[in-house]
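Asker: how does the following fold in three dimensions:
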Amino acid sequence: MTNLNLQQKDYTQGRWGFQLFLPMNYEVIVPTDDAVRLLDRIVEGMDISELEAAYSKLGRKPVAPPMIMTKIMFYAYMEERYSSRKIQKSCERDINFMWLLAGNPAPSHKTISEFRRHKLGAVIEKLFYQFVEILYELGEVSVRPDRAY
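Answerer: Numbering: from 1, shown residues only. Take a look at the predicted model:
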């Protein structure tokens, strides 16, 4: 009779004594021509002062700055992810969302929902207009948006 050793092999005992891990620099992983980079560039050029004014100067700091939360929300909408729970899961697992977070922790679904309802809701129309206007100026869309908002 043979003695079967059913224990799982410990792969952490290599030459270096640690496990293999993903690189922390997402800049290398996200292609230079990916849509997320264009979105990042556009949102960086937008005027989000009205959105920032919705944040109190007192109290604790937000999990992610308003600029990053705006990028997350716009990219989620581009990817047809509307549920706050799906957006949270994307922030935890999707490389493009992690790249947009720029080292900040993934916001909870409650944070995403509160941001959408109380901060973004009041200025979303103006921000989308700015977004489309910049896309037009860059030649990414051919229809100029109307200026009535």
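
Asker: ok, residue 121 to residue 86 distance?
Answerer: Going from residue 121 to residue 86 by CB to CB, to the nearest Å gives 19 Å. In this view, the C-beta of every residue, glycine as well, is placed from N, C-alpha and C.

Asker: who's more crowded, those two?
Answerer: residue 86 (15 against 11; other CB atoms under 10 Å).

Asker: can you pull the contacts of the more buried one?
Answerer: residue 76 (CB atoms under 8 Å, 6 or more residues apart in numbering).

Asker: what strand or helix carries it?
Answerer: Residue 86 belongs to helix 84-93 when assigned by DSSP states H and E.

Asker: right, and the helix or strand after that helix?
Answerer: Next along the chain after helix 84-93, taking DSSP H and E as the criterion, comes helix 95-101.

Asker: name the residues of that next one that come out as buried.
Answerer: 96-101 (16 or more other CB atoms under 10 Å).

Asker: which residues touch that helix?
Answerer: 26-27, 29-30, 34, 36, 39-40, 64, 68, 71-72, 75-76, 87, 90-91, 106.

Asker: now do the helix or strand following it: everything it contacts.
Answerer: Following helix 95-101 in sequence order, the next helix or strand is helix 109-114 (DSSP H and E). Helix 109-114 is contacted from outside by 62-64, 69, 72-73, 84-85, 87-88, using CB under 8 Å, 6+ apart.

Asker: ok, so of the residues you listed, who is nearest residue 142?
Answerer: residue 73 (25.1 Å; CB to CB).
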